[in-house]
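Enquirer: Okay, sequence plus prediction incoming.
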Amino acid sequence: MTKFLLVASYPDSLITFRGKLIEAIIAKGFEVHLAVPDLDENSEIYKQLNKLGVKVHSIGLQRTGMNPVRDIKTIIELFRLMRRIKAKFVLGYTIKPVIYGSLAAWFANIPHRISLITGLGYAFTGESSGKRGLIQKVVKALYRFALSRNDKVLFQNPDDEQLFRHLDILPESVPSAIMNGSGVDVAEYQVSAFPQQVTFLLIARLLGDKGVREYAQAAALVKAKHPQAKFELVGWIDDNPDAISQTELDAWINSGTLTFLGKLSDVRPAIESASVYVLPSYREGTPRTVLEAMSMGRAIITTDAPGCRETVVDGANGYLIPVKSVDELATAMISFINEPAKVIAMGAKSREIAENKYDVHKVNHAMLKEMGMD
């Protein structure tokens with residue numbers, strides 16, 4: 001059987017984000033291997049992957065931080081794995097799997113080397129000075145070297161593709177294509193009844209770049225005028241330089257501004273309890289949580305930013321607001337409180353867009369075709 005190797009950095013999201021893609025690859029007759037760090041063999045995710053027939057390989061990749069010695073070891077480890085299993089296709093997603101997976105695949109002379117850019121993250125957002133600026137320069141240089149060794153690079157929005165071309169991170173000689181995010185299984189995320197009380201929801205890693213602070217600030221403004229409005233937050237404090245502090249989170253909770261639901265393995269109950277989904281992110285690939293909320297018939301408020309703007313037809317299934325604009329975010333929220341009929345009408349449009357554009361089976365079919373597997 002032809003061997004396909006997927007290189008990932010975060011095991012918790014494998015089934016949710018890549019499960020259907022893995023199933024589609026297996027259905028095409030490929031033997032799927034997975035290289036990922038920190039996946040406990042007793043975990044539910046490992047069991048599900050094993051049930052699918054995926055062969056899991058543990059690697060010593062650090063998801064965050066820059067340790068040249070350890071990162072070189074990771075490249076060598078991936079190189080040896082690729083040679084041992086005789087992979088024909090290698091796909092990496094997120095920064096380190098893309099860079100180190102691409103380099104290892106090049107060294108190992110893998111015939112088909114593909115990268116999926118799911119977002120730009122910390123290295124491309126925020127200030128470009130000091131430590132963050134140095135990280136940006138290093139990451140861009142590594143991306144440029146690694147992606148030039150790819151056969152194809154897939155993006156989740158046109159802005160990221162254009163930026164990589166403009167900055168010469170992706171040379172003209174390497175073809176690229178745009179995918180509609182990771183897709184969502186519209187059969188698993190069905191439309192549900194709305195709560196009686198207008199409730200807003202944000203699901204995200206608790207990072208500044210996700211707009212969590214703007215969400216909390218806008219919630220405080222809205223609650224000053226409409227005390228009955230509810231604002232829920234799902235997520236966790238991530239190991240990231242841009243992470244929200246525990247002190248900040250506690251202050252929002254103790255003041256009654258936000259109801260914190262913690263980290264959820266299944267976000268559907270949280271979406272069911274919400275009227276409107278909010279993501280004030282500074283930049284995304286294509287936000288999975290927005291697609292899930294759209295599939296469940298929720299109106300969306302998100303930013304007019306790369307990755308986010310593709311999910312909303314402004315005024316049809318929600319509103320696009322400027323990045324970091326707390327006042328405009330609060331205004332959009334209040335419009336749903338004042339005109340609750342919008343919740344239903346815009347939610348129905350979200351579901352329609354999810355079915356037509358973001359259905360995971362359509363997205364995966366396009367991915368397989370672009371990777372030369374269909």
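Expert: Okay, I see it.

Enquirer: rest of the way, CA atoms for contacts and neighbours
Expert: Noted.

Enquirer: count of neighbours near residue 68?
Expert: By other CA atoms under 10 Å, the residues close to residue 68 number 9.

Enquirer: now swap in residue 239 and tell me
Expert: Neighbours of residue 239 under the rule other CA under 10 Å: 14.

Enquirer: so residue 223 is in which element?
Expert: helix 212-225 (DSSP states H and E).

Enquirer: Surely residue 316 is in a strand?
Expert: No: using DSSP: H, G, I helix; E, B strand; the rest coil, the secondary structure at residue 316 is coil, not a strand.

Enquirer: Okay, and residue 82 sits in which element?
Expert: helix 68-85.

Enquirer: what comes up buried for that helix?
Expert: 71, 74-83 (16 or more other CA atoms under 10 Å).

Enquirer: returning to what we had before: how about the CA coordinates for the helix holding residue 223, as CSV?
Expert: Extracted C-alpha coordinates of helix 212-225, given in CSV (Å, rounded to 0.1, in the frame of the first residue of the first chain):
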residue,chain,number,x,y,z
VAL,A,212,-10.3,37.6,23.9
ARG,A,213,-9.6,41.0,25.6
GLU,A,214,-11.8,42.8,23.1
TYR,A,215,-14.6,40.3,23.7
ALA,A,216,-14.4,40.9,27.5
GLN,A,217,-14.2,44.7,27.1
ALA,A,218,-17.2,44.7,24.7
ALA,A,219,-19.1,42.5,27.0
ALA,A,220,-18.6,44.9,29.9
LEU,A,221,-19.9,47.8,27.7
VAL,A,222,-23.0,45.8,26.6
LYS,A,223,-23.8,44.6,30.1
ALA,A,224,-23.8,48.2,31.3
LYS,A,225,-26.8,48.9,29.1
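
Enquirer: Can you tell me what sits against stretch 12-19?
Expert: The contact list for stretch 12-19 (CA atoms under 8 Å, 6 or more residues apart in numbering) reads 45, 48-49, 182, 288.

Enquirer: What subset of the residues you listed is buried?
Expert: Buried members of these, scored by 16+ other CA under 10 Å, are 45, 49, 182, 288.

Enquirer: and of those residues, the nearest to residue 250?
Expert: Sorting those by distance to residue 250 puts residue 288 at the head of the list, at 26.3 Å, by CA to CA.

Enquirer: Give me the phi and psi angles of the closest one.
Expert: Phi and psi for residue 288, reported as degrees, to the nearest 10, are phi -60, psi -40.

Enquirer: Tell me who's in contact with it.
Expert: Applying CA under 8 Å, 6+ apart to residue 288 gives the contacts 17, 181-184.

Enquirer: The helix holding residue 82 - contacts with which helices or strands?
Expert: In terms of contacts (3 or more CA pairs under 8 Å, 6 or more residues apart in numbering; DSSP states H and E), helix 68-85 is packed against helix 95-107.

Enquirer: got the contact list for the helix it packs on?
Expert: For helix 95-107, the external contacting residues (CA under 8 Å, 6+ apart) are 7-9, 63, 71, 74-76, 78-79, 82, 90-92, 113-117, 120, 142-143, 146-147, 149-150.

Enquirer: go on, stretch 206-224?
Expert: 122, 125-126, 202, 204, 229, 231, 235-238, 240, 242-244, 252, 257-258, 278-283, 324-327, 329-330, 333-334.

Enquirer: Buried ones among these?
Expert: For the contacts of stretch 206-224, a burial check counting by 16+ other CA under 10 Å picks out 122, 202, 204, 229, 231, 235-237, 242-244, 252, 257-258, 278-283, 324, 326-327, 329-330, 333-334.

Enquirer: Check the secondary structure at residue 181 for me.
Expert: Residue 181 is classified as coil under three-state DSSP.

Enquirer: Which residues are in contact with it?
Expert: With contact set as CA under 8 Å, 6+ apart, residue 181 has these partners: 118, 156-157, 285-288, 358, 363.

Enquirer: Can you read off the backbone torsions of it?
Expert: Residue torsions, per degrees, to the nearest 10, at residue 181 are phi 70, psi -160.

Enquirer: Quick one, grab the pLDDT at residue 68.
Expert: As predicted, residue 68 sits at a pLDDT of 85.

Enquirer: Check the gap between it and residue 329 for me.
Expert: According to CA to CA, to the nearest Å, residue 68 stands 41 Å off from residue 329.

Enquirer: Among the contacts of helix 95-107, name the buried ones.
Expert: The neighbour count (16+ other CA under 10 Å) marks 7-9, 63, 71, 74-76, 78-79, 82, 90-92, 113-117, 142-143, 146-147, 149-150 as buried among those.

Enquirer: Could you list the low-pLDDT ranges of the chain?
Expert: The model of the chain has pLDDT under 70 over residues 64-65, 122-123, 125-129, 132.

Enquirer: List the contacts of the residue of it most remote from its centre.
Expert: Going by CA atoms, centre = their mean, the residue of the chain most distant from its centre is residue 225, 33.4 Å out. By CA under 8 Å, 6+ apart, the contact set of residue 225 is empty.

Enquirer: change it to 10 Å
Expert: Going by CA atoms under 10 Å, 6 or more residues apart in numbering, residue 225 touches residue 334.

Enquirer: Check residue 360 too.
Expert: Residue 360 makes contacts with 17-18, 20-21, 180-187, 354, 366, as judged by CA under 10 Å, 6+ apart.

Enquirer: Could you check how far it is from residue 99?
Expert: Residue 360 sits 26 Å away from residue 99, taking CA to CA as the criterion.

Enquirer: Please apply the same query to residue 229.
Expert: In terms of CA to CA, residue 229 sits 44 Å off from residue 99.

Enquirer: again with residue 47
Expert: Taking CA to CA, one finds residue 47 at 28 Å from residue 99.

Enquirer: hmm, back to that, and the contacts of residue 360, which of them are buried?
Expert: The neighbour-count test (16+ other CA under 10 Å) marks 17-18, 20-21, 180-186, 354, 366 as buried among the contacts of residue 360.
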